[in-house]
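Q: Got a sequence here, can you model it:
(one chain, ligands or ions: 1)
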Amino acid sequence: MARQRFGIVVRAGLSWLECAALARFPWLIHAFSTRRGGVSRGTVSGLNLGFVGADRRRNVEENRRRFLAALGAQGFSLATLRQIHSTHIYQVTRDKAGKLAYLAAGSPLPHRSDGNPPVGDALLTEEAGILLSVRTADCVPILLVDPRRRAVAAVHAGWRGGLARIVEKTVGLMRATFGSDPRQMLAAVGPGIQPCCYEVGEEVVAAYSGRFTDSERFFCPVLPSKPSEAATSRSPAVSLSQHPPGRSLATGPAARLDLAAVVVAQLRAAGLSARNIAVSGLCTACRADLFFSHRKEGGGTGRMLAVIGIRP
Ligand SMILES: [Zn+2]
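A: Numbers count the residues shown, from 1 in each chain. Sure, this is the predicted structure:
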């Protein structure tokens, strides 16, 4: 796992992050957008790429057009999702008319889109000219590549998706769908909220401890804000046993969640080798100059897009 393997690309007035391990494939396009550039104003100022209430639709469309043009992906069809922190995963292909078709995992029938993207949190494809995307503003975007089979995936993982093992399931679906060998696959774990800024309630600690045998490694103690609290600070496991379940963040944080660690653990469990996993390590909440952050800026903030596709 290397943290140095991400760089910022500046082109056509926009900036995005790229992962060196993925950038070396000439047949691949990938990027993690930042908020730099773009036409949006106000709370979503910059390159907002999500259709949110605080922005005009035409601004988002113009931002997306500029982003794809800067990437050299203007001829690509952008595949998107209505993300709901689930484990719904789709394989994206084209129908006879050339329009995008989304095949739900385990279903032979395509999602009937009627122009709307399907509800889910991960996409995969082996077809050229399709740009898979996930939107984030604190959650972790993950891009996956199988260089042997030339197949790619994009995953959206927040604490709920992490809990439901969305990352592991996506790798499993790449195995089943494309015959991918996880030992050959590469993963780029993009910018998301880091433990420095991600305090969670006891319901999150409890949920993870119920589903992962060694969930302690995903949590850090709450940072003491006062000397008196420092003296009484406890580990999540201890505090969990001393309070009734269901205590929410409103009653005080129980721990800080390391979402990237959850993602990396699942990539490893799915069979990826540690040297093939690159982690950005940048915190969306600490770097408001670079990123939109739901936790830092509230619900009125914009969205970044992580994209990956195979060149025709
Ligand atoms: Zn932070």
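
Q: On the three-state scheme, the residue nearest to residue 303 when sequence neighbours are not counted is what?
A: In this structure, residue 303 finds its nearest non-sequential neighbour in residue 50, 2.7 Å apart by Cβ to Cβ, 6 or more residues apart in numbering. Using the backbone N, CA and C atoms, a C-beta is placed for each residue, glycine as well. Reducing the assignment at residue 50 to three states with DSSP: H, G, I helix; E, B strand; the rest coil gives coil.

Q: Residue 50 contacts residue 60, correct?
A: Yes. Under the criterion of Cβ atoms under 8 Å, residue 50 makes contact with residue 60 at 6.8 Å.

Q: And the residue of the stretch 1-150 of the chain closest to the ion?
A: In the stretch 1-150 of the chain, the residue that lies nearest the ion is residue 138 (9.9 Å; Cβ to the ion).

Q: Can you give me the neighbour number for that residue?
A: Per other Cβ atoms under 10 Å, the neighbour tally for residue 138 reads 25.

Q: Name the SS class of it, please.
A: Going by three-state DSSP: residue 138 is coil.

Q: That one against residue 286, yeah?
A: No. In this structure residue 138 lies outside contact range of residue 286 using Cβ under 8 Å: 11.2 Å.

Q: can you tell me which residues contact the residue lying closest to residue 178 once chain neighbours are set aside?
A: Spatial nearest neighbour of residue 178, chain neighbours left out: residue 151 (4.2 Å); criterion: Cβ to Cβ, 6+ apart. The contact partners of residue 151, by Cβ atoms under 8 Å, 6 or more residues apart in numbering, come to 124, 125, 126, 145, 174, 177, 178, 180.

Q: what helix or strand does the first one sit in?
A: Residue 124 is located in strand 122-125, with elements delineated by DSSP states H and E.

Q: Report the rounded mean pLDDT for that strand.
A: For strand 122-125, mean pLDDT rounds to 98.

Q: helices or strands next to that strand in the packing?
A: In this structure, strand 122-125 packs against strand 89-94, strand 130-136, strand 151-157, helix 166-178, with contacts taken as 3 or more Cβ pairs under 8 Å, 6 or more residues apart in numbering; DSSP states H and E.

Q: For these, give me CSV that also has distance to the ion and mean pLDDT.
A: Below are these laid out as CSV (distance: least, Cβ to the ion, whole Å; pLDDT from 0 to 100):
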stretch, distance to the ion, mean pLDDT
strand 89-94, 29, 95
strand 130-136, 15, 98
strand 151-157, 17, 98
helix 166-178, 21, 97
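
Q: Could you look over the ones you listed and pick the most buried one?
A: Among those, the stretch with the highest mean neighbour count (mean count of other Cβ atoms under 10 Å) is strand 151-157, at a mean of 28.

Q: Off-centre distance for that strand?
A: Chain-centre distance of strand 151-157: 8 Å, with Cα atoms, centre = their mean, to the nearest Å.

Q: Kindly calculate the angle that the lengthiest helix in the chain makes with strand 130-136.
A: When the chain is parsed with DSSP state H, its longest helix is helix 57-71. Calculated by axes from the mean of the first three to the mean of the last three Cα atoms, to 10 degrees, helix 57-71 forms an angle of 120 degrees with strand 130-136.

Q: could you say what helices and strands helix 57-71 packs with?
A: On a contact count with 3+ Cβ pairs under 8 Å, 6+ apart, helix 57-71 meets strand 14-19, strand 28-33, strand 304-310.

Q: Mind putting those into TSV with mean neighbour count, distance to residue 221 and mean pLDDT?
A: Converted to TSV, these look like this (neighbours: other Cβ atoms under 10 Å; distance: least, Cβ to Cβ, whole Å; pLDDT from 0 to 100):
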stretch	mean neighbour count	distance to residue 221	mean pLDDT
strand 14-19	22	29	98
strand 28-33	26	29	98
strand 304-310	27	29	98
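
Q: okay if I get the ones you listed as JSON lines plus distance to the ion?
A: As requested, those are arranged in JSON lines below (distance: least, Cβ to the ion, whole Å):
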{"stretch": "strand 14-19", "distance to the ion": "16"}
{"stretch": "strand 28-33", "distance to the ion": "17"}
{"stretch": "strand 304-310", "distance to the ion": "15"}
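
Q: which parts of the stretch 101-250 of the chain sit against the ion?
A: 194, 196, 197 (Cβ under 5 Å from the ion).
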